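Chemist: Here's my sequence, what's the structure:
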Amino acid sequence: MNNVINSTYSIAIIGLGYVGLPLAVEFGKKYQVVGFDIDQKRINALLDKKDATLQISEGELIEATGLTISSQLDSIQNCTFYIITVPTPVDADMMPDLTLLLNASAMVGKMLKKGDIVIYESTVYPGCTDEECIPILENESGLTYNTDFFCGYSPERINPGDKINTLTKIKKLTSGSTPEVATIVDELYASIITAGTHKVSSIKIAEAAKSIENAQRDINISFVNELALIFDKMQIDTQEVLDAAATKWNFLPFKPGLVGGHCIGVDPYYLAFKAKKVGHHPQVILSGRQVNDQMSSFIANKLKRLLVENGVDKKGASILLLGATFKENCPDIRNSKVFEIYNLLLQMGYQVALFDPYADAQEVLEKYQIQLTTNLHSYDGIVLTVAHDFFLSLDYSKLKSTIAAVLFDTKSLLDKKIVTARL
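Modeler: As a prediction, the model looks like this:
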């Protein structure tokens, strides 16, 4: 195979979400790229130069002159590289759900040609590409792996809502199914990633590296969440403790809060799944997940206690939740734990409203049967659940039904002087 990356190569990006679209745009500035997605609504919006994820601007879409957007399979059949960036969630039992990944593999397998390279970016457990994806590619194509076609794995490191650490500014891990292919994959990504690349010795190493990145963050957050649970019983301000500890040079600046989304709240289950398959019960990983998964209940119950203490725990008290997305300054509502809080408060008998300037109201309605509110005044309890910058501009005195109304800041975003409690 030829190791030299050149502009005549054509690249198919399978999946145009938070990961796939920025990749398609950057490659589209240098190569002929087809961005493929089965969601026609998403395709139509991108053809109109509108990105609902807010990752890519209209100008950036225009700048990617080599990019074609399509939902038609024949548009990608002549490509050389196939980069798969579909979601890999967990099911109701917290087991890996590889449905989209395996479907994408089958689709690509049907059009593979000799010499093609399939690169996976979706987060998986170590060994998944070899064990699950490659057999499908072989079966659907009738070609032989590492003789007729080849594979690579380069895990995504996209941080939704982050306008500083964008795709090209984050070092990229790369790998390939043979040393030669690993070099080709590395050169391909190096041509667009200004932060550089880090080539590893095997696909399994790259998969494992990705799986521990978010597991590490999950465990660190679970530690400070457990501190919040402990200090709440001691009536100690957790954030003040963390600020004090952070004066030591090597103290890690993690904060307590909800852990949702499609990465930190999901990826550790992939690693735990594989660990169990090879005969090890992952105690630290799963204990961290257990702590983080109980934070929705803790926040709902603490709000109830605050309402009682402030004399506003009347029947049908009105509650406003500020923020529906899984993280700040981002429209992504996947696996957001705010909806758990919403339902818990409803079960407690409160009237609950949910406001978020970033979330798509129609998407929230379709997925959770919740109508986002536009009413921003007169509530007995207000809970800031997501640290959107927008919430810094609100007049919280006008949001309260009375002076005694509770303002519970779970993100330590607001001035401590105006809040009733912090997490």
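Chemist: Any stretches of this protein with poor pLDDT?
Modeler: Low-confidence segments of the chain (pLDDT under 70): 1-7.
Chemist: Spatially central residue in it, please.
Modeler: Nearest residue to the geometric centre of the chain (Cα atoms, centre = their mean): residue 262, 3.8 Å.
Chemist: what's the spacing between that residue and residue 107?
Modeler: 21 Å (Cβ to Cβ, to the nearest Å). For the C-beta atoms, the positions are set from N, CA and C on the backbone; glycine is no exception.
Chemist: tell me which element residue 354 is part of?
Modeler: Residue 354 belongs to strand 351-355 when assigned by DSSP states H and E.
Chemist: downstream neighbour of the top helix by length along the chain in the secondary structure list?
Modeler: As assigned by DSSP state H, the longest helix anywhere in the chain is helix 203-234. Moving toward the C-terminus from helix 203-234, the next helix or strand (DSSP H and E) is helix 238-245.
Chemist: Would you mind listing the outside residues contacting that following helix?
Modeler: Helix 238-245 has contacts (Cβ atoms under 8 Å, 6 or more residues apart in numbering) with 224, 227-228, 231-232, 251, 253, 255-256, 412, 416, 422-423.
Chemist: Could you verify that residue 284 is part of a helix?
Modeler: Yes: assessed by DSSP: H, G, I helix; E, B strand; the rest coil, residue 284 belongs to a helix.
Chemist: residues in contact with it?
Modeler: Each residue near residue 284 by Cβ under 8 Å, 6+ apart is listed here: residue 219.
Chemist: please redo it, this time with the cut-off set to 10 Å
Modeler: Residue 284 sits next to 215, 219, 222, 268 when contact means Cβ atoms under 10 Å, 6 or more residues apart in numbering.
Chemist: Next, find the distance separating the third one from residue 236.
Modeler: When you say that, I think you mean residue 222. Taking Cβ to Cβ, one finds residue 222 at 19 Å from residue 236.
Chemist: okay, those two: which has more neighbours?
Modeler: residue 222 (25 against 12; other Cβ atoms under 10 Å).
Chemist: mind listing what the more buried one touches?
Modeler: Contacts here follow Cβ under 10 Å, 6+ apart; on that basis residue 222 touches 254, 256, 259, 268, 284-285, 287-295.
Chemist: Just these: which are in helices?
Modeler: Residues of these located in helices (DSSP H): 268, 284-285, 287-293, 295.
Chemist: Report the two of these separated the most.
Modeler: 284 and 295 (17.9 Å; Cβ to Cβ).
Chemist: number of nearby residues for the residue lying closest to residue 389 once chain neighbours are set aside?
Modeler: In this structure, residue 389 finds its nearest non-sequential neighbour in residue 329, 5.9 Å apart by Cβ to Cβ, 6 or more residues apart in numbering. Residue 329 has 17 neighbours, counted by other Cβ under 10 Å.
Chemist: Residue 329 should be in a helix, yeah?
Modeler: No: with three-state DSSP as the criterion, residue 329 is located in coil rather than a helix.
Chemist: That one touches residue 392, doesn't it?
Modeler: No: Residue 329 lies out of contact with residue 392 (Cβ atoms under 10 Å); the separation is 11.3 Å.
Chemist: Correct me if wrong: residue 76 contacts residue 11.
Modeler: Yes: the criterion here is Cβ under 10 Å, and residue 76 meets it with residue 11 at 9.3 Å.
Chemist: So which of these two has more stuff around it?
Modeler: Between residue 76 and residue 11, residue 11 has the larger neighbour count (other Cβ under 10 Å), namely 25 against 22.
Chemist: Remind me what the helix or strand containing that one packs against, helices and strands.
Modeler: Residue 11 belongs to strand 10-14 when assigned by DSSP H and E. Contacts defined by 3 or more Cβ pairs under 10 Å, 6 or more residues apart in numbering; DSSP states H and E place strand 10-14 against helix 20-28, strand 32-36, strand 67-70, strand 81-84, helix 99-109, strand 117-120.
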